[in-house]
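In: show me how the following folds:
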Amino acid sequence: MRKQAFSILGVLAFALPCAMFSQSHSMAVDARYSAQISNASAGNCGCFSLQGGAADFYWNAFGVGGSHGAGLGAAIDAGSEHTATVNGAPYGLTLTTLTFGPRIVLPGHKIQPFAQVLLGFAHGSDSAFPAGNVLVPSASSFALDIGGAGDYSINKRFSVRFVQVDYLRTSLPNISSNWQNNLRVAAGVTLHFAH
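Out: Sure, this is the predicted structure:
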């Protein structure tokens, strides 16, 4: 199932740029720093924090108003956050995600908000995940990323993403319900392109 899902994402990642260059639409690329709060297992917080970076690519498929215009399109988001220790345990966690889905950009002049729902995969590594009676250093799972952000326009090509907030749901194996709730807050810069 994991190989099939990665194949589907690969096809989408290839098909999206091909469709982009055959039509006239705006695009944007973002790079950002992110901080995340995660829970070790369900039922109690057991919370710990991670830090890292992320980037996304957005294609405004049905838009108005040029490079900063409102519209509906598709986004691909990739990120990786790390912590050296999980609640004092002798192991840490590197959480890498790759998600894809629709984004709606709302009208705005200097501040342009958007909301998105992305689906994809999470991969945990440099950690300890239960697999039967043993612990393994890595695991993968489905990921659901629901969030939104605000970009402050500096000029036609450049904006500052002053805040992005995402709820990330993963289902990596743990000793409880095999799901995790993650809250990510990020900020970065965005480059806009009109095709």
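In: ok, Arg157 - how many residues close by?
Out: Using other Cβ atoms under 10 Å, the number of residues around Arg157 comes to 14. No exception for glycine: its C-beta is placed from N, CA and C like everyone else's.
In: so the closest residue to Thr83 other than its chain neighbours bridges to which residues?
Out: Closest residue to Thr83 apart from its sequence neighbours, by Cβ to Cβ, 6 or more residues apart in numbering: Leu50 at 4.5 Å. Counting by DSSP bridges, Leu50 forms beta bridges with Gln36.
In: look up how far Ala31 lies from Leu50.
Out: To Ala31, Leu50 is 18 Å away according to Cβ to Cβ, to the nearest Å.
In: in terms of neighbours, single out the busier of the two.
Out: Taking other Cβ under 10 Å, Leu50 and Ala31 do not tie; Leu50 has more neighbours (21 against 14).
In: need the contact list for the residue nearest the centre of the chain.
Out: Closest to where the C-alpha atoms of the chain average out (Cα atoms, centre = their mean) is Asp77, at 4.4 Å. Applying Cβ atoms under 8 Å, 6 or more residues apart in numbering, we find Asp77 in contact with Ala54, Ala55, Asp56, Thr97, Leu98, Thr99, Phe100, Leu118, Gly120, Asp145.
In: that one: which element?
Out: strand 71-83 (DSSP states H and E).
In: isn't Ala139 right up against Phe129?
Out: Yes - look at Ala139 against Phe129 with Cβ atoms under 8 Å: they come within range, at 4.1 Å.
In: and for the two, which residues touch both?
Out: Common neighbours of Ala139 and Phe129 (Cβ under 8 Å, 6+ apart) are Leu172, Pro173.
In: can you list phi and psi of the residue located most distally from the centre of the chain for me?
Out: Relative to the centre of the chain, the most outlying C-alpha is that of Asn133, 31.9 Å out, by Cα atoms, centre = their mean. Here is the backbone geometry of Asn133 (degrees, to the nearest 10): phi -100, psi 10.
In: list the beta-bridge partners for the residue nearest to the centre of the chain.
Out: Going by DSSP bridges, Asp77 is paired in beta bridges with Asp56, Thr99.
In: thought Pro130 was touching Ser176?
Out: No - Pro130 is not in contact with Ser176 according to Cβ under 8 Å; the separation is 10.0 Å.
In: quick check, pLDDT for Pro102.
Out: Looking at Pro102, its pLDDT stands at 97.
In: helix, strand or coil for it?
Out: strand (DSSP: H, G, I helix; E, B strand; the rest coil).
In: show the contacting residues for it.
Out: Leu72, Gly73, Ala74, Ala75, Gln116, Val117.
In: 10 Å instead?
Out: Pro102 makes contact with Ala61, Leu72, Gly73, Ala74, Ala75, Ala115, Gln116, Val117, Leu118, Leu119 under the criterion Cβ atoms under 10 Å, 6 or more residues apart in numbering.
In: are any of these buried, and if so which?
Out: Ala61, Gly73, Ala74, Ala75, Gln116, Leu118 (16 or more other Cβ atoms under 10 Å).
In: out of the residues you listed, which one sits closest to Lys156?
Out: The shortest gap between Lys156 and any of those belongs to Gly73, at 18.2 Å (Cβ to Cβ).
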